[in-house]
Each structure stands twice: as structure tokens, then as C-alpha cells.
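Undergrad: One predicted model, sequence on top.
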Amino acid sequence: MDELKILIDDNKQMFDSAEPIAGHFDRFQAKLKQEEKKVIDFSWKSMLKVASVAILVVLSGLYIKDQLFKFVPELPITQVNKEFNETEEYYISLVNQQIGELEQMDNTLSKEQHIMLKGEMTKMDNMYKKLQIDLEAMPNDPRIMQAMLQHYQMKIEVLNRIINNLNNVQQLNYPNHESIEL
């Protein structure tokens, strides 16, 4: 690198000997101004072209979206409510059936167990009443509907466990007294 610098410094007069033709700097300035105008004009024209293409793309996308999703049927709110009501009726019938089974086994429960069971069922019913109030405040909220159905599922599960435990207790209390003779 130093050798190149030394070569340039030694031959500096030879490099500086050629001068541009007269008026070169004026022509150069004129060309720069002309290019500057083209750049400014080009940017506005190109911006308008880009904007028009962007508008066309957005409008065509919206049109296609509208046409594609036009054929996808949405479940109306009444349909959602109808399905929810049918499901709720099914769970209510299951709960009532299990409560009927539990009442048939009522004689195996002690008084304390009976009071405790009634208290738990009252707590669950109060929780369900709160969900009903929430549903009235925000009808068709899927989260509340889901919570109500989960409440029924939980209640059915609790009743199933109680019935199974009572059946086990009955089998222990009343063993099969068959005798086997040899």
C-alpha cells in the first residue's frame, strides 16, 4: 500500500496535467438538475401506481373472502340455543335418574350422611343459579354455556360416585349367605 502511495506522490504532476473542456462543470450541473427533476416526478407517479395496485389487491381480496365465506353456513344463535337446551335437558334427565336411584338407596345413608349430601347438592344448585344469572346478563356467551354443561357433568360424576359407594356398602352389609355343601 505504501508503494502505491509513493508512486502516486511521485507522479502527481502527470496526473494533474489534464483539465476538463471548458463548460464541463456547467453541463454537469445542468444534467444533475435534470436528473433531480426526473427523480421527483418519478416518485409521485410511482407512488400513485403503487397505491392503485394496493387498492386493487385489497378490494379483490375482500371480494374473494366474501365469495368464499358466503357459502359457509353459520349457526344462528337460535340454533346454538336449541342445541344447548337439548343438551341441558339430557343432563337434567340423567341427574334426575341418578337422584331417583339415590332415593331408593336412602335407607343405607345415616342421618349425618343424608344432611351432608343435601348440603352438597344445595351448594351445587346455588352455583348453577349463579351461572343462570350470568347467562341472563350475557345471553349466548359460549363460556357460560360450557360452564353450565360442565356443572351438570360434575354433578352426574358426584352422584355416580355416591351411588357406587352406596352399592359397595350394601354388598358389604348384606353378604351372600349361601352355603356350600360338600
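TA: Everything's here; your move.
Undergrad: for the lowest-mean-pLDDT helix or strand in the chain, packing partners?
TA: Here the helix or strand of the chain ranked lowest by mean pLDDT, DSSP states H and E is helix 12-15, holding a mean of 76. Using 3 or more CB pairs under 8 Å, 6 or more residues apart in numbering; DSSP states H and E as the contact test, no helix or strand touches helix 12-15. Backbone N, C-alpha and C define where each C-beta goes, glycine included.
Undergrad: C-alpha coordinates for it, CSV please?
TA: Presented in CSV, the C-alpha positions along helix 12-15 are these (Å, rounded to 0.1, in the frame of the first residue of the first chain):
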residue,chain,number,x,y,z
LYS,A,12,1.3,13.8,-9.1
GLN,A,13,2.2,16.4,-11.7
MET,A,14,1.5,13.9,-14.5
PHE,A,15,-2.0,13.1,-13.1
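Undergrad: Contacts for it next, please.
TA: residue 8 (CB atoms under 8 Å, 6 or more residues apart in numbering).
Undergrad: hey, where'd the helices end up in the protein?
TA: 2-10, 12-15, 24-70, 77-104, 111-137, 142-173 (DSSP state H).
Undergrad: Mind putting those helices into a markdown table with mean neighbour count?
TA: Converted to a markdown table, the helices of the chain look like this (neighbours: other CB atoms under 10 Å):
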| stretch | mean neighbour count |
| --- | --- |
| helix 2-10 | 9 |
| helix 12-15 | 8 |
| helix 24-70 | 10 |
| helix 77-104 | 13 |
| helix 111-137 | 12 |
| helix 142-173 | 14 |
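Undergrad: Touching, residue 159 and residue 103? I think so.
TA: No - under the criterion of CB atoms under 8 Å, residue 159 is not in contact with residue 103, lying 11.3 Å apart.
Undergrad: where does the protein have low pLDDT?
TA: 16-18, 37-43, 69-80, 106, 173-182 (pLDDT under 70).
Undergrad: got the domain boundaries for it?
TA: Annotated domains of the chain cover 26-72, 77-173 [automatic domain parsing].
Undergrad: Make TSV out of the ones you listed and add distance to residue 12.
TA: Formatted as TSV, the domains of the chain follow (distance: least, CB to CB, whole Å):
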stretch	distance to residue 12
domain 26-72	24
domain 77-173	84
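Undergrad: quick one: which of these is nearest residue 19?
TA: domain 26-72 (14.0 Å; CB to CB).
Undergrad: for the closest one, the distance to its chain's centre please.
TA: 36 Å (CA atoms, centre = their mean, to the nearest Å).
Undergrad: do stretch 110-119 as well
TA: Distance of stretch 110-119 from the chain centroid (CA atoms, centre = their mean) equals 43 Å.
Undergrad: For that stretch, list the C-alpha coordinates in PDB.
TA: Taking C-alpha atoms only, stretch 110-119 is exported to PDB below (Å, rounded to 0.1, in the frame of the first residue of the first chain):
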ATOM      1  CA  SER A 110     -77.100 -42.300  58.000                       C
ATOM      2  CA  LYS A 111     -78.800 -39.100  59.100                       C
ATOM      3  CA  GLU A 112     -75.400 -37.200  59.000                       C
ATOM      4  CA  GLN A 113     -74.600 -38.500  55.600                       C
ATOM      5  CA  HIS A 114     -78.100 -37.600  54.300                       C
ATOM      6  CA  ILE A 115     -77.700 -34.000  55.700                       C
ATOM      7  CA  MET A 116     -74.200 -33.700  54.200                       C
ATOM      8  CA  LEU A 117     -75.400 -34.900  50.800                       C
ATOM      9  CA  LYS A 118     -78.300 -32.400  50.800                       C
ATOM     10  CA  GLY A 119     -75.900 -29.600  51.700                       C
END
